Every structure is written in structure tokens, then in C-alpha cells.
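Colleague: Any chance you can model this:
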Amino acid sequence: MGMAEVIPGVSGGTIAFITGIYERLLNCIKSIGPSLLSAFKNDGIKGAWQHIDGNFIVTLLIGMVGGIVVGVFGISHLMIEVPEILWSFFFGLIIASAIYVGRQVNGWGGKEIIALILGIVIAYGITLISPAEGNEALWFVFLSGAIAISALILPGISGSFILLLMGMYMIIIPAVKESLKLNTDSMLIAFVFGLGCLAGLMTFSRVLSWTFKNYRNTTLALLCGFMLGSLNKIWPWRQVTLTMNKETGELSDKFDRKSDVYKILQEANVSPFEYTELTSYPDYFLFAVLAFIFGFAIVFIMEKLGGEKPEHA
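Modeller: Purely as a prediction, here's the structure:
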């Protein structure tokens, strides 16, 4: 989940869902509130720990922090060197995830089909929105954290992609890197962003938990639609059509993916067979197909290893 959240277009919620921990995670987050104080008052630290499913949430958080570190330094490198292969892997993963979520719906009726279409339209529409300019004001950093974390727990909608749309991706990710080096200003940004994430989790987890409890099939169909609609953003072969030079503010179609001078504003999906001609980058078609197959297969491998179906909220 941590690695997925570093990549614009890939949702950590998708990973949680296909490994069978999604609704358990929602219940853990939802348990942090007034009921936690009651559990502590009645049964002490042990009761409070059991109330929030402490062993589960701590283990998950440790894994996510490790994944974020790997993602920031490792996957970010792959996105520069071989994005076609990396995006192909996630393309296969998300298609298989949508199939997996669709299988959890107990009977497809009119409401479920409408929810599926609505999810596709919303997620696809989000992928078409051009990125905004970022803002380093702490209130906006807090707000971006609250919104991005809400997207984190929605399968198919990437928290880091929401950050990209808000213009905050190139502010938050470098801040996380620099805070690991104990840079004071970056640590403040990362801390305020974390507070925003916490506030967003507390609020949105309760909304989702309620929808699962009262409208389970419709919610699952909507989440399936989110996944399918997000595929537009992670198509492996994309031509950059509009960039902004971060040093001069100049708009053009110039782009060098190994340079951090250019900020991508618009891209167009293209055929893998014309990709090299249009972009001068290799298409890595065979490796991309293999990565797609691996990404598709790993969902069902993870389902088997998970050993359980998603739990009811």
C-alpha cells in the first residue's frame, strides 16, 4: 500500500481490497474516536489496544512506511527509467482488481450497474483534469493531506494522483525525502500533511464504513467503476503534449523524463506501435506485456495468499 500511494494513478486502497484487509482497515480507523476513550476507561490499555485492533494496525503502518521509503527512492527511479514497463504492471494489476471487486457483488441489478457507470465516469473525469498550481501554505498542506488520504482508501482513486491534480505532488514528495534527512522546514510540511491525513481518515472512514454496512453491493460496484475509470491515467504509452518549465514558467511540449525541469501538464495516450516514433523513447513492448501478465496474475496470487474474503463492516 505504501509503494502504491507514491505512484500517481495507483491506489493503496486497491491493494488493501485484493488482500482482504479493506473493511478491517476501515473498522480500525473508525474505532479511533469517543468509543476508544470508553474502552480505555473500562478495560485500560489492553482494552483500548484490542478495541483498535492494535497489532494489525501497527503491523500495517510499519509495512506502509517501509513501502513509502522504497517507493520514494526505488519506484520513483523506475518511473524515470522504464515507465512503460512499470505502468503495464499496474495496468494489469488494476484490471484484475476490478474483476476481483466485481466478483464480490452479490447480484448485479439496476442500482449496481448505475453505480458502476457512475464510478467509471467520475474516475475517468478526474484523470482528464489538468494539474493545478501548488501552495506551500500550511493550511493548504493540511487540506491536501485530508483529501489525498480519503482517496487512498478508495480503490481506483490514487491519493498521489489527487496530490498531482492539486499541484502538491512536487511539494509533498520532496518534503518527505528531505524530512528523512532531518530538514526542519520539510519536516514541518510533512508533519502538517500527516495531521491532514489523520483528520481525513477519521472522517472518511466512517462514511465508507456506513455505506458498506447499508449499501454493500452498490458501494462495491461504485469502487469497481473507480478502478476501471482510472485506467485512462495509467495507460503505459503516453505522449507528453504540454509541459511547464519550472524555472522559467514557459509552456511548451518539450520534455525530458530524466530532467526535473519540466512539469507535465497534459498527456495523450498513444498506440505502443507509434510510441517510439512520437516520443523517441523505446516502447519495451514485450517486457510491458510480460509485466501486464504478472500484474494481472499477482492479484489472484495475493487473494490466495490472503486466505480470506473481505470482511463485512
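
Colleague: Show me what the helix or strand hosting Leu37 is in contact with.
Modeller: Assigned by DSSP states H and E, Leu37 belongs to helix 34-51. With contact meaning Cβ atoms under 8 Å, 6 or more residues apart in numbering, helix 34-51 is reached by 31, 52, 54-55. Where C-beta positions appear, they are placed from N, C-alpha and C, glycine not excepted.

Colleague: Filter those down to the buried ones, PyMOL style.
Modeller: Selection of buried members from the contacts of helix 34-51 for PyMOL, criterion 16 or more other Cβ atoms under 10 Å:
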select buried, resi 31+52
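
Colleague: Kindly reformat the contacts of helix 34-51 as CSV containing distance to Ser252.
Modeller: Listed next are the contacts of helix 34-51 as CSV, based on distance: Cβ to Cβ, whole Å:
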residue, distance to Ser252
Ser31, 51
Ile52, 51
Gly54, 52
Asn55, 53
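
Colleague: Could you work out the most separated pair of the contacts of helix 34-51?
Modeller: The span of the contacts of helix 34-51, defined through Cβ to Cβ, is set by Ser31 and Asn55 at 13.4 Å.

Colleague: which residues of the stretch 201-313 of the chain fall in strands?
Modeller: 238-245, 251-252, 262-269 (DSSP state E, counting those that start in this stretch).

Colleague: Indicate which one of these is closest to Met202.
Modeller: Set against Met202 and scored by Cβ to Cβ, these come closest in strand 262-269, at 32.4 Å.

Colleague: Look up the pLDDT of Gly109 for me, please.
Modeller: At Gly109, the pLDDT value in this model is 90.

Colleague: follow-up on the earlier one: between the strands of the stretch 201-313 of the chain, which gets nearest to Ser144?
Modeller: Ser144 lies closest, by Cβ to Cβ, to one member of the strands of the stretch 201-313 of the chain: strand 262-269, at 16.6 Å.

Colleague: Okay, buried residues for the closest one please.
Modeller: Of the residues in strand 262-269, 262-264, 267 count as buried by neighbour count, 16+ other Cβ under 10 Å.

Colleague: next one: stretch 293-306
Modeller: Going by 16+ other Cβ under 10 Å, stretch 293-306 has these buried residues: 295-296, 298-299, 302-303.
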